[in-house]
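Trainee: No letters, just coordinates:
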């Protein structure tokens, strides 16, 4: 997900600090967290960051718009969803399968199919696996990732969405309206992002415990050099644990649009954050900000950056990799101790 404080505008910035040798391109180091946590507070920086990440054209703003489109027009929660019926449930599954197919498929086609921008703004200098490799199901990274993403990722999200739609429609959880609580209604979107950051850190840290990693999380980490389909390529246990963040609406007053936003953040955001690029660059300008170098460091060095750049959990708990050589040494020492 996007957390860039100063994303590229009309051309990539190559005048800043030199690029470290293990990367083809990276943003300015050290890697930054979202500026909520700057102290003393810098309102102008926070305002600019919110504009770039929530209101300008970014993956985050797309998830927000898509959630409103589905919640208020394509498939609002209606009384008929108080019963588990094939019709409305099938539409949930088909819609989520299609959304993941379109988003991950389009990103993969642009970056790795037609090679739309070459290595411009690409993090990892190594080529994406296109040749046959016995490590992956069906022998190829892409087909392996598509299988796990569609079979477990989009499917499990659809199961959870159906359950939560039934919960809203049946009155098990109350629906928060904008007219009654406008401030909380709006504030809940960034709150959802903060909650997902905490949930992701806790679940992800558990998945990296050696006994669990070997049997579960290793499926995801076969993707050292990631692509859009790698995001939701997970063992079914991991997929359910990761997507279970959406269940927060069972205890937090919300509207279905908040549930959908968090669902798209989890599923479609995994595709954008694993794309391996900072942004889509077309016609000599940035077309869409993606930016997830924080998580790219995790895929390179494994035992670091278990959360995301939304909140500094890793910094607070000593698992932060800021992109420096010192951080790489600390991370490698930690990995040897964990897996010895």
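Mentor: Sure, I can see it. Values in this document were obtained by computation on a predicted structure and should not be read as measured data.
Trainee: Stretch 207-221 spans what distance, first to last residue?
Mentor: End-to-end span of stretch 207-221 (CA to CA, to the nearest Å): 11 Å.
Trainee: mind listing what's buried in it?
Mentor: 207-208, 212-213, 216-217, 219-221 (16 or more other CB atoms under 10 Å). For glycine as for every other residue, the C-beta is placed from the backbone atoms N, C-alpha and C.
Trainee: Average pLDDT for that stretch, rounded please.
Mentor: Regarding stretch 207-221, the rounded mean pLDDT is 95.
Trainee: Show residues contacting that stretch.
Mentor: Identification of contacts with stretch 207-221 by CB atoms under 8 Å, 6 or more residues apart in numbering yields 148, 206, 230, 233-235, 237-238, 241, 299, 302-303, 306, 338-339.
Trainee: most neighbours, which of those?
Mentor: residue 233 (32 neighbours; other CB atoms under 10 Å).
Trainee: quick one: which two of the contacts of stretch 207-221 are the most distant?
Mentor: Greatest spacing in the contacts of stretch 207-221, by CB to CB: 148 and 338 (24.7 Å).
Trainee: Just confirm residue 60 contacts residue 54, I think it does.
Mentor: Yes: counting by CB atoms under 8 Å, residue 60 touches residue 54, with 6.0 Å between them.
Trainee: higher neighbour count, these two?
Mentor: Each of residue 60 and residue 54 has its neighbours counted (other CB under 10 Å); residue 60 has more, 25 against 15.
Trainee: That one: which element?
Mentor: Assessed by DSSP states H and E, residue 60 sits inside helix 59-69.
Trainee: Would you mind listing the buried residues in the following helix or strand past that helix?
Mentor: Downstream of helix 59-69, the first helix or strand assigned by DSSP H and E is helix 86-108. Buried positions in helix 86-108, judged by neighbour count with 16+ other CB under 10 Å: 88-89, 92-93, 95-97, 99-100, 103-105, 107-108.
Trainee: On the three-state scheme, residue 117 is what?
Mentor: Of the three states, residue 117 takes coil under DSSP: H, G, I helix; E, B strand; the rest coil.
Trainee: Spatially nearest residue to it, not counting backbone neighbours?
Mentor: The shortest distance from residue 117 to any non-neighbouring residue, by CB to CB, 6 or more residues apart in numbering, is to residue 281 (4.7 Å).
Trainee: From the contact counts, what lies against the worst-scoring helix or strand of the chain on mean pLDDT?
Mentor: Least confident element among the helices and strands of the chain, by mean pLDDT, DSSP states H and E: strand 285-289 (a mean of 87). Applying 3 or more CB pairs under 8 Å, 6 or more residues apart in numbering; DSSP states H and E, one finds that strand 285-289 contacts strand 279-282.
Trainee: what residues are up against residue 144?
Mentor: Going by CB under 8 Å, 6+ apart, residue 144 touches 136-138, 222, 233.
Trainee: Same check on residue 162?
Mentor: With contact set as CB under 8 Å, 6+ apart, residue 162 has these partners: 84, 89, 92.
Trainee: you'd agree the first one is up against residue 166?
Mentor: Yes: between residue 84 and residue 166 there is a contact under CB under 8 Å: 6.3 Å.
Trainee: Pull up the overlap in contacts between the two.
Mentor: With contacts defined as CB under 8 Å, 6+ apart, no residue is shared by residue 84 and residue 166.
Trainee: So those two - more neighbours on which side?
Mentor: Set residue 84 next to residue 166 and count neighbours by other CB under 10 Å: residue 166 wins out with 19 against 11.
Trainee: so can I have JSON lines of the buried residues of helix 86-108 showing pLDDT and distance to residue 71?
Mentor: Shown next, in JSON lines, are these (pLDDT from 0 to 100; distance: CB to CB, whole Å):
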{"residue": "88", "pLDDT": "98", "distance to residue 71": "14"}
{"residue": "89", "pLDDT": "98", "distance to residue 71": "17"}
{"residue": "92", "pLDDT": "98", "distance to residue 71": "12"}
{"residue": "93", "pLDDT": "98", "distance to residue 71": "17"}
{"residue": "95", "pLDDT": "98", "distance to residue 71": "12"}
{"residue": "96", "pLDDT": "98", "distance to residue 71": "14"}
{"residue": "97", "pLDDT": "98", "distance to residue 71": "19"}
{"residue": "99", "pLDDT": "98", "distance to residue 71": "14"}
{"residue": "100", "pLDDT": "98", "distance to residue 71": "18"}
{"residue": "103", "pLDDT": "97", "distance to residue 71": "18"}
{"residue": "104", "pLDDT": "98", "distance to residue 71": "22"}
{"residue": "105", "pLDDT": "98", "distance to residue 71": "24"}
{"residue": "107", "pLDDT": "97", "distance to residue 71": "24"}
{"residue": "108", "pLDDT": "97", "distance to residue 71": "27"}
